[in-house]
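> Give the three-dimensional model of this entry:
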Amino acid sequence: MHLYKLRAGLKRMFVAIMLQVVGRSLVASSRVEPGIRRELSELPKGYQIQMVVIPHGPGFVVECNGEGTLNLAKTVKPRVDLRIAFKHISHAFLVLSFQEPMAQAFANDRMVADGDISHAIRLVRCLNRMEALILPRWIAVHAVKRLPEIPFAEKMVKAIRIYAQVMKNLVLFR
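Numbering: from 1, shown residues only. A predicted model of the protein is given here:
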């Protein structure tokens, strides 16, 4: 029983850390990648997106600034505009440890989207693009259903810029 609690605690900590990394990486990617900005440019200023483990698990909230880029939300609305929720910490672990693509998790009913479904689809496309950019190909093939063709030099430059912005964000907003 003790080992089970330890594993559950480690899994929860991993998910909490990874959700913070995903949130910050999504913010950074929206500033670096034009394809992600295009996807997000349709969302109105102040539009909030939450990704969380329900009922009271870890998560993040980002907010659109109306120009296709995101910021970490400073204040969270009582009801966010789009909420992507993992039904259990184990389901989040599967996705965040790249054992199951997000699209597969939706198909397996491990996640729910509360909000405009077309906006949820846009978000999944943004997350897929972000993962294709920042993850090594051998990991990305497990995380993304269909990898986009990105020239290696472009991928490296954008990945470095995204990682630099994430680190800057961690230092400034800790």
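> only C-alpha atoms for contact and neighbour calcs from this point on.
Noted.
> which stretches of this protein form helices?
Assigned by DSSP state H, the helices in the chain fall at 2-32, 34-40, 89-96, 102-107, 117-134, 137-143, 152-172.
> quick one, which of those helices is nearest to residue 63?
Closest approach to residue 63 among these is made by helix 2-32 (9.0 Å; Cα to Cα).
> Now the terminal residues of stretch 58-72, how far apart.
15 Å (Cα to Cα, to the nearest Å).
> what do you get for stretch 139-151?
17 Å.
> and that stretch, how far from the chain's centre?
In terms of Cα atoms, centre = their mean, to the nearest Å, the centre of stretch 139-151 is set 15 Å apart from its chain centre.
> repeat for stretch 69-83
Per Cα atoms, centre = their mean, the centroid offset for stretch 69-83 relative to its chain is 14 Å.
> Contact partners for the residue nearest the centre of the chain?
The residue lying closest to the centre of the chain (Cα atoms, centre = their mean) is residue 22, at 4.1 Å. By Cα atoms under 8 Å, 6 or more residues apart in numbering, no residues touch residue 22.
> Please apply the same query to the one 10 residues further on.
Under the criterion of Cα under 8 Å, 6+ apart, the neighbours of residue 32 are 158, 161, 162.
> one more time with 10 Å, if that's ok
Residue 32 makes contact with 26, 69, 130, 157, 158, 159, 161, 162, 165, according to Cα atoms under 10 Å, 6 or more residues apart in numbering.
> Please apply the same query to residue 7.
residue 13.
> Make residue 1 into 11 and carry on from there
Fine by me, first position is 11 from now on; the one you just mentioned is residue 17.
> And it, how close does it get to residue 23?
10 Å.
> By mean pLDDT, point me to the weakest helix or strand of the chain.
helix 147-153 (a mean of 78; mean pLDDT, DSSP states H and E).
> show me where pLDDT drops low in the chain?
Applying pLDDT under 70 to the chain flags residues 11, 182-184.
> just to revisit the earlier point, which two among the contacts of residue 42 are spaced furthest apart?
Most distant of the contacts of residue 42, by Cα to Cα, are 79 and 167, 18.9 Å apart.
> just to revisit the earlier point, I'd like to know which of the contacts of residue 42 are buried.
36, 79, 140, 168, 169, 171, 172, 175 (16 or more other Cα atoms under 10 Å).
> Output the residues you listed in TSV; the columns should cover distance to residue 93.
Converted to TSV, these look like this (distance: Cα to Cα, whole Å):
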residue	distance to residue 93
36	15
79	18
140	19
168	27
169	27
171	28
172	24
175	25
